[in-house]
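>>> Here's a sequence, model it:
(2 chains)
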There are 2 protein chains.
Amino acid sequence: MTDAIEIPERSGTAFTLKQGDTLVVIDPRGEQVADLLAFNAEDLNEVISSGRTLDYAETIYLTTDHILYSNRSRPMLTIVDDTVGRHDFLLTPCSFDTFHHFYPDLPPHRGCFGNLATALEPFGVQPDRIPTAFNCFMNVPIDGETGRLKVLPPISKAGDHVTFRAEMDLIIGLTACSAPDSNGGTFKPIHYRIEAACSPVTTRVATQTDTRKSR
Amino acid sequence: MTDAIEIPERSGTAFTLKQGDTLVVIDPRGEQVADLLAFNAEDLNEVISSGRTLDYAETIYLTTDHILYSNRSRPMLTIVDDTVGRHDFLLTPCSFDTFHHFYPDLPPHRGCFGNLATALEPFGVQPDRIPTAFNCFMNVPIDGETGRLKVLPPISKAGDHVTFRAEMDLIIGLTACSAPDSNGGTFKPIHYRIEAACSPVTTRVATQTDTRKSR
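Below you'll find the model as predicted:
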């Protein structure tokens, strides 16, 4: 287990995550969103897919035991623990353009999109390859009758977290979100921790076998 | 104006659409879905984006006057007419893998994903670049409390249609959907018609100017 690493407010980072490792994303102060992206470390053309995931899950609210699928219908991450139960997988990361649209009177900001593009560039990910992110702690309820969506403050409290197990070797992008509405009007850091599989070789084989059995 | 072209049941096609042209997608018999994709004809890295579009529209139910945006936050298509008012922009095209998941007892089918990949291949689009499609006539209501989604028969009747104006030169992929649940259990053709701008050069300039003014 590593110590928790801080992503400062309105910034982002990227790192590798090995199959079988777990990633704990922590909201240290509460009401703070973290946009998460995942790419197959062996082939960047395989990427996290909201459309595949929502289709298989048959719900827009993903939580413990749900699997985040790639564009090739393969499991990338499994949510193994979740103290919040409300995240968003509908909306793309905020960007210069979305700031211009929603906050024309605020100073422009490159947003999670710009932070992810910069953090993922050393791994070879092009900005156009950034899809809809899994937005940890983001609270986007939908009116079932009208279809209208709202971006409300997260329901996460200080110390809440969501934990993912990697189902393949991954490159992860992760932010402390920059958009006022998504974060209750204030900008806070995000913490994350990587917990390596105890015995890398045997545990990874076991995990892979279990995953196949369960499908 | 061209005559209506038929996409046979469980198949797909691809074609170019010039800025200012309109594309009319028709459900000739009712209760039949058509998956629609759009790529910038000048740069295939720019592609239709459900996440950007839903963010700007602030609703999951898109209809007349809504704009379908690209991953670069630029308008690709505007819905200019819609006799149905219920389409889906959450789920990816059905595929061998989704058939295996949802219909394990039926003969496998490559689905809209395979049909789109084949139709778009001559234009240089790789299968991994196929995102969440705009699924014309697909009826995917969401329970606002639980987040659960259902795939119900379309509410479209014979002759219903949805019309799009191209806001840039596009490559379009379009299918007659192959999945039983999406189409009320039967497979029907889709018709489409392209209506060219009356005076291509002047009309396209005017359209571009109008679009800029309205933003």
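
>>> Which stretches in chain A count as helices?
Secondary structure of chain A (DSSP state H): helices at A:50-57, A:96-102, A:111-120, A:200-214.

>>> what packs against the third one?
Packed against helix A:111-120, as judged by 3 or more CB pairs under 8 Å, 6 or more residues apart in numbering or on different chains; DSSP states H and E, are the following elements: strand A:12-17, strand A:34-40, helix A:96-102, strand A:170-175. C-betas here are computed from N, CA, C, even on glycine.

>>> Just want the angle from that helix to strand A:12-17.
50 degrees (axes from the mean of the first three to the mean of the last three CA atoms, to 10 degrees).

>>> any idea of the mean pLDDT in helix A:111-120?
Mean per-residue pLDDT for helix A:111-120: 97.

>>> Return the distance of that helix from the chain's centre.
13 Å (CA atoms, centre = their mean, to the nearest Å).

>>> and that helix, which residues are buried?
Using 16 or more other CB atoms under 10 Å in any protein chain shown as the test for burial, helix A:111-120 gives A:111-120.

>>> list the contacts for A:P153?
Contact analysis of A:P153 by CB atoms under 8 Å, 6 or more residues apart in numbering or on different chains lists A:31, A:139, A:183-185.

>>> if we can go back for a sec, and which of the buried residues of helix A:111-120 is nearest chain B?
A:F113 (9.2 Å; CB to the nearest CB).

>>> Any chance of the backbone angles for A:S178?
Here is the backbone geometry of A:S178 (degrees, to the nearest 10): phi -100, psi 0.

>>> With adjacent residues omitted, what lies nearest to A:S178?
For A:S178, ignoring the flanking residues on the chain, the nearest one in space by CB to CB, 6 or more residues apart in numbering or on different chains is A:R10 at 4.2 Å.

>>> same question, A:A166
Sequence neighbours aside, A:L17 is the residue nearest to A:A166 in space, at 4.6 Å (criterion: CB to CB, 6+ apart).

>>> Tell me the pLDDT of the one you found.
According to the prediction, A:L17 has pLDDT 98.

>>> Could you check how far it is from A:A57?
Distance from A:L17 to A:A57, counting by CB to CB, to the nearest Å: 21 Å.

>>> shaky segments in chain A?
A:1-2, A:198-215 (pLDDT under 70).

>>> what's the burial count for the closest residue to A:D169 other than its chain neighbours?
The spatially closest residue to A:D169, leaving aside those adjacent along the chain, is A:A41, at 4.1 Å (CB to CB, 6+ apart). For A:A41, the neighbour count with other CB atoms under 10 Å in any protein chain shown is 18.

>>> I figured A:A41 was touching A:Q19, is that so?
No. With contact defined as CB atoms under 8 Å, A:A41 and A:Q19 do not form a contacting pair (9.2 Å).

>>> Around chain B, pick out the residues from chain A.
Counting by CB under 8 Å from any CB of the partner chain, chain A comes close to chain B at A:45-47, A:49-52, A:54-56, A:58-61, A:71-73, A:90-92, A:95, A:97-98, A:101, A:126, A:128, A:130-132, A:141-150.

>>> Only the buried subset of these, as a ChimeraX command please.
Selection command for ChimeraX covering only the buried members of those, criterion 16+ other CB under 10 Å:
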select /A:46,47,49,50,51,52,54,55,56,59,60,61,71,72,73,90,91,92,95,97,98,128,130,131,132,141,142,144,147,149
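
>>> Now do the contacts for A:G114.
With contact taken as CB under 8 Å, 6+ apart, A:G114 is in contact with A:95-96.

>>> give me that answer again for 10 Å
A:12, A:93-96, A:99, A:127, A:130, A:175, A:178 (CB atoms under 10 Å, 6 or more residues apart in numbering or on different chains).

>>> Are any of these buried, and if so which?
Among the contacts of A:G114, the ones that count as buried by 16+ other CB under 10 Å are A:12, A:93-95, A:99, A:127, A:130, A:175, A:178.

>>> mind giving me JSON lines with those residues and columns for distance to B:E6?
JSON lines is the format used below for the buried ones among the contacts of A:G114 (distance: CB to CB, whole Å):
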{"residue": "A:G12", "distance to B:E6": "48"}
{"residue": "A:P93", "distance to B:E6": "40"}
{"residue": "A:C94", "distance to B:E6": "42"}
{"residue": "A:S95", "distance to B:E6": "40"}
{"residue": "A:F99", "distance to B:E6": "44"}
{"residue": "A:P127", "distance to B:E6": "39"}
{"residue": "A:I130", "distance to B:E6": "37"}
{"residue": "A:T175", "distance to B:E6": "46"}
{"residue": "A:S178", "distance to B:E6": "48"}
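
>>> Output stretch A:5-18 as CSV, restricted to C-alpha atoms.
These are the backbone C-alpha positions of stretch A:5-18, laid out as CSV (Å, rounded to 0.1, in the frame of the first residue of the first chain):
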residue,chain,number,x,y,z
ILE,A,5,-1.1,11.2,-2.8
GLU,A,6,-2.7,14.6,-3.2
ILE,A,7,-4.0,16.1,-6.4
PRO,A,8,-4.1,19.8,-5.7
GLU,A,9,-7.3,21.7,-6.4
ARG,A,10,-8.1,22.3,-10.2
SER,A,11,-5.3,20.0,-11.4
GLY,A,12,-4.8,16.4,-12.7
THR,A,13,-2.4,13.6,-12.9
ALA,A,14,-1.8,10.3,-14.7
PHE,A,15,-0.1,7.0,-13.6
THR,A,16,-0.1,3.3,-14.4
LEU,A,17,-2.1,0.7,-12.5
LYS,A,18,-1.3,-3.0,-12.7
